[in-house]
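Enquirer: Quick check, what structure comes out for this input:
(one chain, ligands or ions: 1)
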Amino acid sequence: MHLTKVYKQHVAVNDINLKIKAGRMTAILGPNGAGKSTLIKLLIGQLTPTAGTVEMNRTRQPGVVFQGSVLDDALTVEENLRLRAQQYRDVPKQRVAELRVQLGLTSFFHQRYGTLSEGQKRRVDIARALLNHPEILFLDEPTTGLDIQTRTVIWQLLHDLQQREGLTIVLTTHYLDEADTADNVYIMTNGRVCSHGSAAEIKQRYGRPQLVLTVAPNAQPTVLATLVQTEFHVTGNQVICLPTDMASAIQILTICQPNLLDFEYRPSSLNDAFMALTGKELT
Ligand SMILES: Nc1ncnc2c1ncn2[C@@H]1O[C@H](COP(=O)(O)OP(=O)(O)OP(=O)(O)O)[C@@H](O)[C@H]1O
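Expert: Okay, the predicted model is just below:
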(Lines give C-alpha, C1' and ligand atoms only; values in the text may rest on other atoms or scores of the structure.)
Protein backbone atom coordinates (compact mmCIF):
# COMPACT_ATOMS: atom_id res chain seq x y z
CA MET A 1 0.00 0.00 0.00
CA HIS A 2 1.23 3.48 -0.96
CA LEU A 3 4.45 1.90 -2.23
CA THR A 4 7.19 4.32 -3.20
CA LYS A 5 10.78 3.67 -4.22
CA VAL A 6 13.27 6.46 -4.81
CA TYR A 7 16.72 5.67 -6.29
CA LYS A 8 18.88 8.68 -5.38
CA GLN A 9 16.83 11.47 -7.02
CA HIS A 10 14.75 9.23 -9.30
CA VAL A 11 11.26 8.19 -8.19
CA ALA A 12 10.93 4.74 -9.84
CA VAL A 13 7.70 3.75 -8.04
CA ASN A 14 5.42 6.55 -6.91
CA ASP A 15 2.70 5.89 -4.31
CA ILE A 16 1.27 2.70 -5.82
CA ASN A 17 -1.68 0.79 -4.36
CA LEU A 18 -2.05 -2.74 -5.64
CA LYS A 19 -4.55 -5.44 -4.71
CA ILE A 20 -3.68 -8.95 -5.89
CA LYS A 21 -6.64 -11.30 -6.12
CA ALA A 22 -5.99 -14.89 -5.02
CA GLY A 23 -6.15 -17.49 -7.81
CA ARG A 24 -6.16 -14.82 -10.54
CA MET A 25 -3.69 -13.52 -13.07
CA THR A 26 -2.65 -9.90 -12.62
CA ALA A 27 -0.65 -8.15 -15.34
CA ILE A 28 1.37 -5.01 -14.76
CA LEU A 29 1.60 -3.38 -18.18
CA GLY A 30 3.92 -0.56 -19.09
CA PRO A 31 6.76 0.60 -21.36
CA ASN A 32 10.47 0.17 -20.57
CA GLY A 33 11.47 2.19 -17.54
CA ALA A 34 7.92 2.50 -16.18
CA GLY A 35 9.01 0.97 -12.88
CA LYS A 36 7.57 -2.54 -13.32
CA SER A 37 10.69 -4.46 -12.21
CA THR A 38 11.15 -2.18 -9.24
CA LEU A 39 7.52 -2.79 -8.23
CA ILE A 40 7.95 -6.59 -8.44
CA LYS A 41 11.14 -6.39 -6.37
CA LEU A 42 9.26 -4.39 -3.73
CA LEU A 43 6.42 -6.94 -3.71
CA ILE A 44 8.75 -9.91 -3.19
CA GLY A 45 10.80 -8.08 -0.57
CA GLN A 46 14.01 -7.92 -2.59
CA LEU A 47 13.95 -4.13 -2.30
CA THR A 48 12.93 -2.10 0.74
CA PRO A 49 10.36 0.59 -0.05
CA THR A 50 11.26 4.23 0.60
CA ALA A 51 7.67 4.53 1.84
CA GLY A 52 4.65 2.20 2.07
CA THR A 53 4.11 -1.41 3.05
CA VAL A 54 3.42 -4.81 1.47
CA GLU A 55 0.92 -7.13 3.13
CA MET A 56 0.74 -10.72 1.97
CA ASN A 57 -1.37 -13.59 3.33
CA ARG A 58 0.59 -16.69 2.54
CA THR A 59 2.19 -19.67 4.18
CA ARG A 60 4.92 -20.55 1.69
CA GLN A 61 7.60 -18.40 0.08
CA PRO A 62 6.41 -16.95 -3.27
CA GLY A 63 7.87 -18.29 -6.53
CA VAL A 64 9.84 -15.73 -8.52
CA VAL A 65 11.05 -15.74 -12.13
CA PHE A 66 13.46 -12.88 -12.82
CA GLN A 67 14.46 -11.51 -16.20
CA GLY A 68 17.88 -13.17 -15.92
CA SER A 69 17.98 -16.85 -14.94
CA VAL A 70 19.61 -18.03 -11.72
CA LEU A 71 20.32 -21.53 -13.08
CA ASP A 72 23.72 -23.01 -13.97
CA ASP A 73 24.47 -23.24 -17.70
CA ALA A 74 26.87 -26.16 -17.22
CA LEU A 75 24.36 -28.41 -15.41
CA THR A 76 21.52 -30.34 -17.04
CA VAL A 77 17.90 -29.36 -16.47
CA GLU A 78 17.46 -32.27 -14.06
CA GLU A 79 20.66 -31.48 -12.12
CA ASN A 80 19.67 -27.82 -11.81
CA LEU A 81 16.19 -28.64 -10.52
CA ARG A 82 17.40 -31.32 -8.06
CA LEU A 83 20.04 -28.97 -6.69
CA ARG A 84 17.51 -26.19 -6.23
CA ALA A 85 15.00 -28.59 -4.64
CA GLN A 86 17.57 -29.36 -1.91
CA GLN A 87 17.58 -25.70 -0.93
CA TYR A 88 14.04 -26.03 0.43
CA ARG A 89 13.26 -27.98 3.56
CA ASP A 90 10.19 -29.92 2.46
CA VAL A 91 10.14 -30.50 -1.30
CA PRO A 92 8.96 -34.11 -1.86
CA LYS A 93 11.20 -36.39 -3.95
CA GLN A 94 8.71 -36.70 -6.83
CA ARG A 95 8.26 -32.92 -7.26
CA VAL A 96 10.96 -32.62 -9.96
CA ALA A 97 9.40 -35.45 -11.97
CA GLU A 98 5.96 -33.86 -11.56
CA LEU A 99 7.20 -30.52 -12.90
CA ARG A 100 9.01 -32.26 -15.77
CA VAL A 101 5.64 -33.49 -17.04
CA GLN A 102 3.61 -30.43 -16.13
CA LEU A 103 5.93 -27.98 -17.86
CA GLY A 104 6.84 -30.23 -20.81
CA LEU A 105 10.56 -30.56 -20.00
CA THR A 106 10.95 -34.25 -20.89
CA SER A 107 12.60 -33.93 -24.31
CA PHE A 108 15.44 -31.76 -22.98
CA PHE A 109 15.55 -32.91 -19.36
CA HIS A 110 19.10 -34.30 -19.64
CA GLN A 111 20.41 -31.46 -21.76
CA ARG A 112 22.70 -28.78 -20.30
CA TYR A 113 20.74 -25.62 -19.40
CA GLY A 114 23.17 -23.41 -21.36
CA THR A 115 22.38 -25.23 -24.60
CA LEU A 116 18.58 -24.77 -24.44
CA SER A 117 16.49 -22.41 -26.56
CA GLU A 118 15.17 -19.28 -24.85
CA GLY A 119 11.64 -20.71 -24.66
CA GLN A 120 12.91 -23.98 -23.13
CA LYS A 121 14.97 -22.02 -20.59
CA ARG A 122 11.92 -19.99 -19.60
CA ARG A 123 9.97 -23.19 -18.94
CA VAL A 124 12.76 -24.55 -16.73
CA ASP A 125 12.93 -21.20 -14.89
CA ILE A 126 9.20 -21.45 -14.19
CA ALA A 127 9.60 -25.07 -12.99
CA ARG A 128 12.39 -23.92 -10.65
CA ALA A 129 10.13 -21.23 -9.20
CA LEU A 130 7.38 -23.81 -8.58
CA LEU A 131 9.54 -26.37 -6.72
CA ASN A 132 8.18 -25.51 -3.26
CA HIS A 133 4.54 -25.37 -4.43
CA PRO A 134 4.15 -21.61 -3.93
CA GLU A 135 0.65 -20.11 -3.70
CA ILE A 136 1.78 -17.08 -5.67
CA LEU A 137 4.16 -16.78 -8.60
CA PHE A 138 5.80 -13.48 -9.63
CA LEU A 139 7.31 -13.20 -13.12
CA ASP A 140 9.21 -10.20 -14.46
CA GLU A 141 8.63 -9.99 -18.23
CA PRO A 142 8.53 -13.77 -18.76
CA THR A 143 7.97 -13.51 -22.51
CA THR A 144 10.26 -10.62 -23.51
CA GLY A 145 12.64 -11.57 -26.29
CA LEU A 146 10.74 -14.71 -27.30
CA ASP A 147 9.29 -15.25 -30.77
CA ILE A 148 5.53 -15.08 -31.10
CA GLN A 149 4.91 -18.87 -31.09
CA THR A 150 7.06 -19.39 -28.00
CA ARG A 151 5.37 -16.45 -26.26
CA THR A 152 2.00 -18.10 -26.91
CA VAL A 153 3.22 -21.43 -25.48
CA ILE A 154 4.56 -19.80 -22.30
CA TRP A 155 1.43 -17.72 -21.92
CA GLN A 156 -0.82 -20.78 -22.33
CA LEU A 157 1.26 -22.62 -19.77
CA LEU A 158 0.81 -19.82 -17.24
CA HIS A 159 -2.94 -19.74 -17.84
CA ASP A 160 -3.09 -23.53 -17.32
CA LEU A 161 -1.17 -23.25 -14.04
CA GLN A 162 -3.52 -20.55 -12.86
CA GLN A 163 -6.69 -22.36 -13.88
CA ARG A 164 -5.78 -25.97 -12.99
CA GLU A 165 -3.63 -25.38 -9.92
CA GLY A 166 -5.37 -22.24 -8.67
CA LEU A 167 -2.00 -20.47 -8.67
CA THR A 168 -2.01 -16.70 -8.14
CA ILE A 169 0.12 -15.10 -10.85
CA VAL A 170 1.53 -11.58 -10.96
CA LEU A 171 3.57 -10.64 -13.98
CA THR A 172 4.94 -7.66 -15.82
CA THR A 173 4.71 -7.27 -19.56
CA HIS A 174 4.91 -4.66 -22.28
CA TYR A 175 2.81 -6.76 -24.66
CA LEU A 176 -0.75 -5.50 -24.92
CA ASP A 177 -2.16 -8.77 -26.26
CA GLU A 178 -0.91 -10.58 -23.16
CA ALA A 179 -2.40 -8.06 -20.74
CA ASP A 180 -5.65 -8.38 -22.65
CA THR A 181 -6.12 -11.96 -21.40
CA ALA A 182 -5.24 -11.31 -17.74
CA ASP A 183 -7.99 -11.06 -15.10
CA ASN A 184 -6.74 -7.81 -13.74
CA VAL A 185 -4.52 -5.19 -15.40
CA TYR A 186 -2.55 -2.33 -13.91
CA ILE A 187 -1.26 0.17 -16.47
CA MET A 188 1.95 1.84 -15.32
CA THR A 189 3.86 4.84 -16.67
CA ASN A 190 6.55 6.93 -15.01
CA GLY A 191 6.30 5.05 -11.73
CA ARG A 192 2.55 5.51 -11.33
CA VAL A 193 -0.52 3.37 -11.98
CA CYS A 194 -2.71 5.34 -14.36
CA SER A 195 -5.52 2.80 -14.65
CA HIS A 196 -6.54 -0.60 -13.38
CA GLY A 197 -9.37 -3.09 -13.76
CA SER A 198 -10.16 -5.93 -16.13
CA ALA A 199 -8.97 -5.38 -19.72
CA ALA A 200 -12.62 -5.06 -20.78
CA GLU A 201 -13.27 -2.36 -18.17
CA ILE A 202 -10.18 -0.37 -19.17
CA LYS A 203 -11.10 -0.59 -22.85
CA GLN A 204 -14.63 0.53 -22.12
CA ARG A 205 -13.44 3.42 -19.96
CA TYR A 206 -10.67 4.77 -22.19
CA GLY A 207 -10.79 3.05 -25.57
CA ARG A 208 -12.82 4.31 -28.52
CA PRO A 209 -14.13 1.98 -31.25
CA GLN A 210 -13.49 3.08 -34.84
CA LEU A 211 -15.81 2.77 -37.79
CA VAL A 212 -14.03 3.12 -41.13
CA LEU A 213 -16.39 3.95 -44.02
CA THR A 214 -15.23 3.57 -47.63
CA VAL A 215 -17.43 6.03 -49.46
CA ALA A 216 -18.74 5.83 -53.06
CA PRO A 217 -17.33 8.46 -55.50
CA ASN A 218 -19.04 11.88 -55.13
CA ALA A 219 -21.01 10.72 -52.06
CA GLN A 220 -18.65 12.14 -49.44
CA PRO A 221 -20.60 15.40 -48.82
CA THR A 222 -23.82 13.43 -48.25
CA VAL A 223 -22.12 11.05 -45.80
CA LEU A 224 -20.36 13.85 -43.89
CA ALA A 225 -23.64 15.77 -43.58
CA THR A 226 -25.12 12.85 -41.62
CA LEU A 227 -22.26 12.77 -39.10
CA VAL A 228 -23.25 15.84 -37.13
CA GLN A 229 -22.99 14.17 -33.74
CA THR A 230 -19.94 11.99 -34.38
CA GLU A 231 -16.23 12.81 -34.29
CA PHE A 232 -14.55 11.88 -37.59
CA HIS A 233 -11.67 12.58 -39.95
CA VAL A 234 -11.25 11.98 -43.67
CA THR A 235 -8.38 10.25 -45.48
CA GLY A 236 -8.90 9.85 -49.28
CA ASN A 237 -12.20 8.11 -49.88
CA GLN A 238 -12.35 6.84 -46.29
CA VAL A 239 -14.16 8.47 -43.41
CA ILE A 240 -12.87 7.36 -40.02
CA CYS A 241 -15.59 7.81 -37.41
CA LEU A 242 -15.25 7.54 -33.63
CA PRO A 243 -18.73 6.45 -32.52
CA THR A 244 -19.33 6.41 -28.78
CA ASP A 245 -20.45 2.77 -28.82
CA MET A 246 -21.57 -0.06 -31.08
CA ALA A 247 -25.19 1.11 -31.19
CA SER A 248 -24.22 4.47 -32.64
CA ALA A 249 -21.93 2.69 -35.16
CA ILE A 250 -24.93 0.65 -36.34
CA GLN A 251 -26.99 3.83 -36.65
CA ILE A 252 -24.29 5.49 -38.80
CA LEU A 253 -24.10 2.40 -41.02
CA THR A 254 -27.87 2.27 -41.46
CA ILE A 255 -28.08 5.92 -42.53
CA CYS A 256 -25.00 5.85 -44.81
CA GLN A 257 -25.50 2.41 -46.33
CA PRO A 258 -26.62 3.58 -49.85
CA ASN A 259 -23.39 5.61 -50.16
CA LEU A 260 -20.91 3.01 -48.93
CA LEU A 261 -18.59 0.72 -50.89
CA ASP A 262 -17.28 -0.98 -47.75
CA PHE A 263 -16.84 -0.56 -44.00
CA GLU A 264 -14.77 -1.90 -41.12
CA TYR A 265 -15.61 -1.86 -37.40
CA ARG A 266 -12.63 -1.95 -35.03
CA PRO A 267 -13.59 -2.52 -31.38
CA SER A 268 -11.61 -0.47 -28.87
CA SER A 269 -8.30 -2.04 -27.90
CA LEU A 270 -6.01 -1.77 -24.90
CA ASN A 271 -3.67 0.14 -27.19
CA ASP A 272 -6.35 2.83 -27.72
CA ALA A 273 -6.82 2.97 -23.96
CA PHE A 274 -3.06 3.20 -23.43
CA MET A 275 -2.85 6.03 -25.98
CA ALA A 276 -5.76 7.87 -24.36
CA LEU A 277 -4.15 7.52 -20.93
CA THR A 278 -0.56 8.36 -21.80
CA GLY A 279 -0.63 10.06 -25.20
CA LYS A 280 1.88 7.42 -26.39
CA GLU A 281 1.68 4.09 -28.18
CA LEU A 282 3.06 1.08 -26.36
CA THR A 283 5.52 -0.45 -28.80
N1 LIG B 1 19.35 0.55 -8.98
C2 LIG B 1 18.89 1.64 -9.62
N3 LIG B 1 19.47 2.85 -9.42
C4 LIG B 1 19.00 3.97 -10.06
N5 LIG B 1 17.94 3.98 -10.92
C6 LIG B 1 17.34 2.78 -11.16
C7 LIG B 1 17.78 1.55 -10.54
N8 LIG B 1 16.99 0.55 -10.97
C9 LIG B 1 16.09 1.11 -11.83
N10 LIG B 1 16.30 2.44 -11.94
C11 LIG B 1 15.53 3.41 -12.76
O12 LIG B 1 14.18 3.35 -12.33
C13 LIG B 1 13.28 3.40 -13.44
C14 LIG B 1 12.37 2.18 -13.44
O15 LIG B 1 13.14 1.02 -13.73
P16 LIG B 1 12.51 -0.44 -13.81
O17 LIG B 1 13.61 -1.40 -14.15
O18 LIG B 1 11.71 -0.70 -12.59
O19 LIG B 1 11.51 -0.27 -15.07
P20 LIG B 1 10.76 -1.37 -15.93
O21 LIG B 1 9.39 -0.84 -16.15
O22 LIG B 1 10.88 -2.68 -15.28
O23 LIG B 1 11.57 -1.34 -17.27
P24 LIG B 1 12.03 -2.59 -18.20
O25 LIG B 1 10.82 -3.02 -18.91
O26 LIG B 1 13.03 -1.91 -19.10
O27 LIG B 1 12.65 -3.60 -17.27
C28 LIG B 1 14.16 3.51 -14.68
O29 LIG B 1 14.25 4.88 -15.04
C30 LIG B 1 15.50 2.99 -14.22
O31 LIG B 1 16.54 3.60 -14.95
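Enquirer: going forward, measure contacts between C-alpha atoms and count neighbours the same way
Expert: Will do.
Enquirer: where do the strands sit along the stretch 101-250 of the chain?
Expert: 136-140, 168-173, 184-189, 192-197, 210-215, 231-235, 238-242 (DSSP state E, counting those that start in this stretch).
Enquirer: and of those, who's closest to residue 15?
Expert: Among the strands of the stretch 101-250 of the chain, the nearest to residue 15 by C-alpha to C-alpha is strand 192-197 (7.0 Å).
Enquirer: Against which helices or strands is that closest one packed?
Expert: Judged by 3 or more C-alpha pairs under 8 Å, 6 or more residues apart in numbering; DSSP states H and E, the packing partners of strand 192-197 are strand 10-16, strand 184-189.
Enquirer: Figure out which of the ones you listed is closest to the ligand.
Expert: Set against the ligand and scored by C-alpha to the nearest ligand atom, the helices and strands packed on strand 192-197 come closest in strand 10-16, at 4.3 Å.
Enquirer: mind listing what's buried in stretch 233-247?
Expert: Within stretch 233-247, the residues that count as buried by 16 or more other C-alpha atoms under 10 Å are 238-243.
Enquirer: let me fix that: stretch 11-28
Expert: 11-16, 18, 23-28.
Enquirer: Please apply the same query to stretch 199-215.
Expert: 199-200, 202-204, 206-215.
Enquirer: tell me the contacts of residue 128?
Expert: The neighbours of residue 128, taking C-alpha atoms under 8 Å, 6 or more residues apart in numbering as the test, are 81, 84.
Enquirer: What residue in this protein is the furthest from its centre?
Expert: residue 218 (45.4 Å; C-alpha atoms, centre = their mean).
Enquirer: Can you classify residue 83 as helix, strand or coil?
Expert: helix (DSSP: H, G, I helix; E, B strand; the rest coil).
Enquirer: Which pLDDT value belongs to it?
Expert: pLDDT recorded at residue 83 is 96.
Enquirer: try residue 252
Expert: pLDDT for residue 252: 95.
Enquirer: and what of the one 10 residues further on?
Expert: In the predicted model, residue 262 carries a pLDDT score of 96.
Enquirer: Give me the contacts around the helix or strand containing it.
Expert: In this assignment (DSSP states H and E), residue 262 forms part of strand 260-266. The contact list for strand 260-266 (C-alpha under 8 Å, 6+ apart) reads 209-216.
Enquirer: which residues are in contact with the helix or strand following that strand?
Expert: Counting by DSSP H and E, the next helix or strand C-terminal to strand 260-266 is helix 270-278. Applying C-alpha under 8 Å, 6+ apart, the contact partners of helix 270-278 are 176, 180, 187, 189, 194-195, 199, 202-203, 205-208, 280-282.
Enquirer: any idea which of these is closest to the ligand?
Expert: residue 189 (7.9 Å).
Enquirer: bridging residues for that closest one?
Expert: Judged by DSSP bridges, the bridge partners of residue 189 are residue 192.
Enquirer: Tell me the residues on the stretch 51-200 of the chain that lie near the ligand, please.
Expert: When proximity is defined by C-alpha under 6 Å from any ligand atom, the stretch 51-200 of the chain lies next to the ligand nowhere.
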